[in-house]
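Engineer: Attaching a predicted model along with its sequence, questions to come.
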Amino acid sequence: MANLLTFHALTSLLLFHVSFVSTATHTPHHHTSHSSNHNQHLQQAYRALQAWKKVIYSDPKNLTGDWTGPSVCSYTGVFCAPSPSDKNTLVVAGIDLNHGDIAGFLPEPIGLLSHLALIHLNSNRFCGILPRSLSKLSLLYELDLSNNRFVGPFPDVVLSLPSLKYLDLRYNEFEGPLPPKLFSNPLDAIFVNNNRLTSLIPKDFTGTTASVVVFANNDFSGCLPPTISHFADTLEELLLINSSLSGCLPPEVGYLYKLRVLDMSYNSLVGPVPYSLAGLGHLELLNLDHNMFTGTVPLGVCVLPSLQNLTVSDNYFSEEEGICRNLTSRGIVFDDSNNCLPDKPNQRSEKDCEAVLDHPVDCYDHECSAMAPQASPSTAGPSLAPAPAM
């Protein structure tokens, strides 16, 4: 059974983030080069896949057990399609080994798979650093390496992939700073959560096109830069959970008018919530839990038309405006516990509140570095759930 898809169908599947379906070759066109004996691209793919198989040390589900012989389109997890430049030439267009629990690494010859549109290796035990030869995969649209054991600095080789739209590196061991170029590439989704990334979040987001950005559970520092507003025309989900952020939340976050999910929980953010968030008409979930916000829970946030879930617990809010005092009456999931709200149950002690409220932060009079609080949030942030298979 050959794993055959048209390149157009393959791209459509990628756009909707669904899995490949293996289909049999029924009455193949006699001009199409299906045999690797006469197809240079399949011969190169054979060399690449055999080199890869040699550096796989554990395959408990035996997914690569049939990776023998030149008929690479029949290999488990390997999907072929007519070349986008020559419909009569078959090429390897996708590799999907999600949830294989395979141990090994990616060899340099993987660059011979120059027609790959997707690589899905979610939930395996691949390790080491990414080979530089990945830069040859000029058609690669989706790269999912999540839930593995890759190491080293951020793999800047992925930034040289001109067709890449979906990048998922979460749950690995990458470390060091994020390169600013990450946000000038035309990516639609960026997942880098649950690594060992450090340093400041880049200050310039010029040129970004992402709709989903997840930085959570890394060891960044400093403030969220005002240039976050450059995401305004595309960003729908921003998750910065437990990212060691400090300072004030910039008003420019309120310019992200397409946002549906904003989660800033488990950081050290201070000062008032900017009223500009009242402009987020599509926002469904806002989580500010476990920070050091003070002042008022603003009415403009509580009356957002699409709001379904608002969490402001474990801060130092001392007032709630209007309907904010009884949001559950609107059917909204709401948690305001462990603040400094008078006449509300489950609040901080007066002593704890005074220690912070007696030293208010004016976000307009402080540079970013001067606004970081001296205290840390009370508990470590939660770990996000492992990445699902594509």
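Structural biologist: Received the coordinates, thanks. Please read all numbers here as calculations on a predicted model, not as lab measurements.
Engineer: give me the number of residues near the residue lying closest to residue 106 once chain neighbours are set aside?
Structural biologist: Residue nearest to residue 106 in three dimensions, not counting chain neighbours: residue 131, with 5.4 Å by Cβ to Cβ, 6 or more residues apart in numbering. Any C-beta I mention is one placed from the backbone N, CA and C, and that applies to glycine too. If you count neighbours by other Cβ atoms under 10 Å, residue 131 ends up with 17.
Engineer: With residue 285 instead?
Structural biologist: Neighbour count of residue 285, defined by other Cβ under 10 Å: 18.
Engineer: For it, give me the backbone phi and psi.
Structural biologist: phi -130, psi 130 (degrees, to the nearest 10).
Engineer: Quick one, grab the pLDDT at it.
Structural biologist: For residue 285, the pLDDT comes out at 98.
Engineer: Can you name the residues that contact it?
Structural biologist: Neighbouring residues of residue 285 by Cβ atoms under 8 Å, 6 or more residues apart in numbering: 260, 261, 262, 263, 308, 309, 310.
Engineer: could you flag which of those are buried?
Structural biologist: Using 16 or more other Cβ atoms under 10 Å as the burial test, these include 260, 261, 262, 263, 310 as buried.
Engineer: Does the fourth one touch residue 241 like I think?
Structural biologist: Yes: Residue 263 lies in contact with residue 241 (Cβ atoms under 8 Å); the separation is 5.4 Å.
Engineer: that older thread, among the buried ones among the contacts of residue 285, which ones are in strands?
Structural biologist: 261, 262, 263, 310 (DSSP state E).
Engineer: As JSON lines, those with pLDDT would be great.
Structural biologist: Shown next, in JSON lines, are those (pLDDT from 0 to 100):
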{"residue": "261", "pLDDT": "98"}
{"residue": "262", "pLDDT": "98"}
{"residue": "263", "pLDDT": "98"}
{"residue": "310", "pLDDT": "98"}
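Engineer: so which strand or helix has the residue lying closest to residue 195 once chain neighbours are set aside?
Structural biologist: The shortest distance from residue 195 to any residue other than its chain neighbours is 4.4 Å, reached at residue 174 (Cβ to Cβ, 6+ apart). If you go by DSSP states H and E, residue 174 is part of strand 173-176.
Engineer: Counting neighbours, which bits of the following helix or strand past that strand end up buried?
Structural biologist: Downstream of strand 173-176, the first helix or strand assigned by DSSP H and E is strand 189-191. Across strand 189-191, burial judged by 16+ other Cβ under 10 Å covers 189, 190, 191.
Engineer: Now render the residues you listed as TSV, adding pLDDT and distance to residue 268.
Structural biologist: Shown next, in TSV, are the buried residues of strand 189-191 (pLDDT from 0 to 100; distance: Cβ to Cβ, whole Å):
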residue	pLDDT	distance to residue 268
189	97	27
190	96	23
191	97	23
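Engineer: in terms of contact, does residue 243 touch residue 214 like I think?
Structural biologist: No: applying Cβ under 8 Å, one finds residue 243 not in contact with residue 214, separated by 10.0 Å.
Engineer: okay, and the common contacts of residue 263 and residue 241?
Structural biologist: By Cβ under 8 Å, 6+ apart, the residues touching both residue 263 and residue 241 are 216, 287.
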